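Next comes the sequence, and after it the predicted model I'd like to discuss.
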Amino acid sequence: MKDANFLKENNARQLWHPMGHPREMQEQPPKIITGAEGVKITDIDGHTAVDAVGGLWCVNLGYSNQVVKDAISAQLQDLPYYSAFAGSSNPAAIEAAYAVQEFFAEDGIERVFFTSGGSDSVETCMRLARQYHRLRGEPTRTKFISLKKGYHGTHFGGASVNGNNRFRINYEPLLPGCFHLPAPYPYRNPFNETDPAKLAQLIAQAFEDEIAFQGANTIAALIMEPILGAGGVIVPDATFMPLMREICDRHGILLISDEVITGFGRTGHWSGARHWGVKPDMMSTAKGITSGYFPVGAALIGGKVAEVFESSDAEGAIYHGYTYSAHPVGAAAVTACLSETLRLDTKTNAAARGAQLFEGVQRLAKKYDIIGDVRGGHGLMTGIELVSDKAAKTPMDMDTMKRIHQTAYEAGAMVRLGAHNILMSPPLTITEPEVNVIVKALDAGFAAA
Ligand SMILES: Cc1ncc(COP(=O)(O)O)c(C=O)c1O
């Protein structure tokens, strides 16, 4: 590794950091993380902090899982790459697909299509949804409905169903035929409805209205996160996803559950849809599938969709995929990661530690007026929305957000900013004392603000 001075000088010179302004990154270079152990990260200056971000909602097993690391190393020795495009396969991929299907069997998942990440998985589900309807003789079903505040990655398909205009406006025109419903977000919504159950009903009615307006026979799928992550950890009422499922069924619309964050135990259940008692038609996954140790995603296909493809003629061929779909090293990481996830029963710890973190943050909300809303309580996904005026709900300015972030970091916890929200998704292996460190560090951050 080059010395610290070289790394600091070149941090954002050649490297354009995703989701940042290139010049701002040069002026205020991002933290350089050089090492990690357990749930703690160390930066180039030797400062250590509990990683309340889990890398980027992905390092579910923490940074020190030797079983996954060994599986990756061993696979690199055996077969570092071979394509899985029609005509060839590899043992690691076959084994990984078996493990993933078994992991999600209770969600009705029967087939697995590997990708290189979450955006790829979303794109894959969207394409398969359109092809599914064509195969069934309904080629007019091409449109997508999604939720405002939803995040579905940055490919053109995902950006088109994305519900945050920051990820859209510079890249328009996006895919035609994508329409958005209000988010199940009691703190701010166009209905001024603070009761989550009533809000769920209102959005369900808006969905019905949109279907009537567009024509059901033009809509391919609804794509939604079971708990909205990047949009601020927005937790819908328990009735919401079942309501959306029922409406989809009544109108022949597929339900794609975007489980890139919520899959693999983060919500306290193995999938977000299962958390709400819903079986989706397809699921987009990534992140926790390898705990971030290797870039892998997967589009998961339910029985109803699989049956249509597998019983079709030549039109059912899937002309879609990536050079690194079913990459053997990634696949070895998947199999090891799932077996560790099950062995450690990470969902149970996610539920317990998530409740602790949520309670800790709720205590802080009583102490600081700048906390407008606290969201979570379903596993290890916690959001804090900050305001400069509580009555007017004025979003907190970014300078103050950055000061809170830096103070919390110096006090021992790395958190993530998403506009005026603090977002937390620590490894699912986090311990009780480590959660306490996060709460104390946030306390220091809010005190500084
Ligand atoms: C729900 C959801 N879908 C899709 C994506 C995109 O995944 P990736 O960044 O791996 O492309 C993300 C990323 O955070 C996500 O949270």
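Sure thing, it's come through.

per the record, what domains does the protein have?
31-61+345-448, 68-343 (automatic domain parsing).

For those domains, could you give me CSV that also reports mean pLDDT and mean neighbour count?
The C-beta positions use only the backbone N, C-alpha and C, and glycine is treated the same way. Formatted as CSV, these follow (pLDDT from 0 to 100; neighbours: other Cβ atoms under 10 Å):
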stretch, mean pLDDT, mean neighbour count
domain 31-61+345-448, 98, 20
domain 68-343, 98, 20
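
The ligand: which of the ones you listed is closest?
domain 68-343 (2.1 Å; Cβ to the nearest ligand atom).

Now do the end-to-end distance for the closest one.
13 Å (Cα to Cα, to the nearest Å).

picking up where we left off before, pipe the domains of the chain into JSON lines and attach distance to the ligand per row.
Compiled in JSON lines, these are given as follows (distance: least, Cβ to the nearest ligand atom, whole Å):
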{"stretch": "domain 31-61+345-448", "distance to the ligand": "6"}
{"stretch": "domain 68-343", "distance to the ligand": "2"}
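
what's the closest of these to residue 14?
Closest to residue 14 of the domains of the chain, according to Cβ to Cβ: domain 31-61+345-448, at 14.1 Å.

Does residue 156 touch residue 168 like I think?
No. Under the criterion of Cβ atoms under 8 Å, residue 156 is not in contact with residue 168, lying 10.3 Å apart.

Quick check: neighbours shared by those two?
Both residue 156 and residue 168 are contacted by residue 174, under the criterion Cβ atoms under 8 Å, 6 or more residues apart in numbering.

picking that back up, could you dump the domains of the chain into TSV and include distance to residue 16?
Conversion of the domains of the chain to TSV gives the following (distance: least, Cβ to Cβ, whole Å):
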stretch	distance to residue 16
domain 31-61+345-448	16
domain 68-343	14
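
can you tell which of those domains is closest to residue 7?
domain 31-61+345-448 (5.7 Å).

How far off centre is that closest one?
17 Å (Cα atoms, centre = their mean, to the nearest Å).

for stretch 316-325, same thing?
The answer for stretch 316-325 is 22 Å, by Cα atoms, centre = their mean.

Tell me the spatial nearest neighbour of residue 239, not counting adjacent residues.
residue 200 (5.0 Å; Cβ to Cβ, 6 or more residues apart in numbering).

Spatially central residue in this structure, please.
Nearest to the geometric centre of the chain sits residue 261, at 2.7 Å (Cα atoms, centre = their mean).

That one: which element?
Assigned by DSSP states H and E, residue 261 belongs to no helix or strand.

One more: the one 4 residues further on?
In this structure, residue 265 sits in neither a helix nor a strand according to DSSP H and E.

Quick check: next helix or strand after the helix or strand containing residue 354?
Per DSSP H and E, residue 354 falls inside helix 346-367. On the C-terminal side of helix 346-367, the nearest following helix or strand under DSSP H and E is strand 371-375.

Give me the phi and psi for residue 402.
phi -70, psi -40 (degrees, to the nearest 10).

ok, it touching residue 417?
Yes. At 7.3 Å, residue 402 counts as touching residue 417 under the criterion of Cβ under 8 Å.

Where do the helices of the stretch 201-350 of the chain begin and end?
240-251, 272-275, 303-310, 328-343, 346-367 (DSSP state H, counting those that start in this stretch).

List just the one of those that sits closest to residue 123.
Here helix 303-310 is closest among the helices of the stretch 201-350 of the chain (Cβ to Cβ), at 15.7 Å.

Assign a three-state SS to residue 113, would you?
strand (DSSP: H, G, I helix; E, B strand; the rest coil).

From residue 345, how far out is the residue lying closest to residue 351 once chain neighbours are set aside?
Excluding its sequence neighbours, the residue lying closest to residue 351 (Cβ to Cβ, 6+ apart) is residue 268, at 3.3 Å. Counting by Cβ to Cβ, to the nearest Å, the gap from residue 268 to residue 345 is 11 Å.

I'd assumed residue 229 was in contact with the residue nearest to the centre of the chain.
Yes. Using Cβ under 8 Å, residue 261 makes contact with residue 229 at a distance of 4.0 Å.

Quickly list what's touching both of those two.
By Cβ under 8 Å, 6+ apart, the residues touching both residue 261 and residue 229 are 57, 381, 425.

I'd assumed residue 228 was in contact with the second one.
No. Residue 381 sits out of contact with residue 228 when judged by Cβ under 8 Å, with a separation of 9.4 Å.

The nearest residue to residue 386 once chain neighbours are set aside: what's it in contact with?
Once flanking residues are discounted, residue 386 sits nearest to residue 396: 3.8 Å by Cβ to Cβ, 6+ apart. Contacts for residue 396 were tallied using Cβ under 8 Å, 6+ apart; they are 370, 386-388, 420, 449.

show me the contacts for residue 129.
144, 220-221, 254, 256, 282.

so where does it fall, helix or strand?
Assigning secondary structure by DSSP H and E places residue 129 in helix 118-135.

got the CA coordinates for the next helix or strand after that helix in CSV?
Downstream of helix 118-135, the first helix or strand assigned by DSSP H and E is strand 143-147. Taking Å, rounded to 0.1, in the frame of the first residue of the first chain, the C-alpha atoms of strand 143-147 are listed here in CSV:
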residue,chain,number,x,y,z
LYS,A,143,-45.6,0.0,-17.2
PHE,A,144,-44.2,0.1,-13.6
ILE,A,145,-45.6,1.6,-10.5
SER,A,146,-43.4,2.4,-7.5
LEU,A,147,-43.3,4.5,-4.3
